[in-house]
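[1] The sequence and its predicted three-dimensional model are supplied below.
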Amino acid sequence: MAVLDILKLPDPRLKRLAAPVGRFDRGLRELAADLEETRLAGPSAVGIAAPQVGRLERIVIVDVSGRPKTPNHGYLVLVNPEIVHWEGFAIGREGCLSVPDYTGNVIRATGIRLKAQDLEGRVHEYVMEGFEARAVQHELDHLDGLLFVDRVVSRRTDLHRRKVHQT
Ligand code: NI
């Protein structure tokens, strides 16, 4: 396992479309392990997506179980994830390992139904709400070359410079 370098804005690789995962092999399991080690190595991130380490493949990790009072499915490796249903919307504050100096207010669905494969290629369906649903929507954006700064309504009023870096 290895801690990988996180690409930061404005690296153009963050703006590219990631390709579907076709092979559920050892290489994929190693990528998932490296992503998890990288997620845990930095400031407490609830998610990470493969394009953030320069791998343009449709795989993300989400784990919001460290946040109190948030319904969640624990540690999830989501391969070829696809949101098949959205409901509600709310504004919430987001950060990103690739945008270390800012947080931003972003509108997201409050509830989603998600289809994704696991590392063995099995298909799962999840019903998610609240912060977990937000984190998944954020990570899936990375697979389509989108960052939260692309979704703020106003860069002037909805982006906030971080005062200190969390460690
Ligand atoms: Ni992010």
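    In hand now; what should we look at? Numbering: from 1, shown residues only.
[2] For the protein, just list every one of the helices.
    26-41, 130-143, 155-158 (DSSP state H).
[3] need these in TSV with distance to L4, mean neighbour count and mean pLDDT, can you?
    Placement of C-beta: from N, CA and C, glycine included. Shown next, in TSV, are the helices of the chain (distance: least, Cβ to Cβ, whole Å; neighbours: other Cβ atoms under 10 Å; pLDDT from 0 to 100):
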stretch	distance to L4	mean neighbour count	mean pLDDT
helix 26-41	5	16	97
helix 130-143	14	23	98
helix 155-158	29	12	87
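[4] Out of the ones you listed, which is closest to R122?
    helix 26-41 (13.1 Å; Cβ to Cβ).
[5] Quick one: distance of the closest one to the chain centre.
    With Cα atoms, centre = their mean, to the nearest Å as the basis, helix 26-41 stands 14 Å off its chain's centre.
[6] still on that earlier bit, adding distance to V3, write the helices of the chain out as CSV.
    Shown next, in CSV, are those (distance: least, Cβ to Cβ, whole Å):
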stretch, distance to V3
helix 26-41, 4
helix 130-143, 18
helix 155-158, 31
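[7] I'd like to know which of those helices is closest to I83.
    helix 130-143 (6.6 Å).
[8] Alpha carbons of that closest one, as CSV, please.
    Provided in CSV are the C-alpha atoms of helix 130-143 (Å, rounded to 0.1, in the frame of the first residue of the first chain):
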residue,chain,number,x,y,z
GLY,A,130,-28.1,13.6,4.6
PHE,A,131,-24.3,13.9,4.8
GLU,A,132,-23.6,10.5,3.3
ALA,A,133,-25.7,11.4,0.3
ARG,A,134,-23.8,14.7,0.0
ALA,A,135,-20.4,13.0,0.3
VAL,A,136,-21.3,10.5,-2.5
GLN,A,137,-22.6,13.3,-4.8
HIS,A,138,-19.3,15.2,-4.2
GLU,A,139,-17.1,12.2,-4.9
LEU,A,140,-19.1,11.1,-8.0
ASP,A,141,-18.6,14.6,-9.4
HIS,A,142,-14.9,13.9,-9.4
LEU,A,143,-15.5,11.1,-11.9
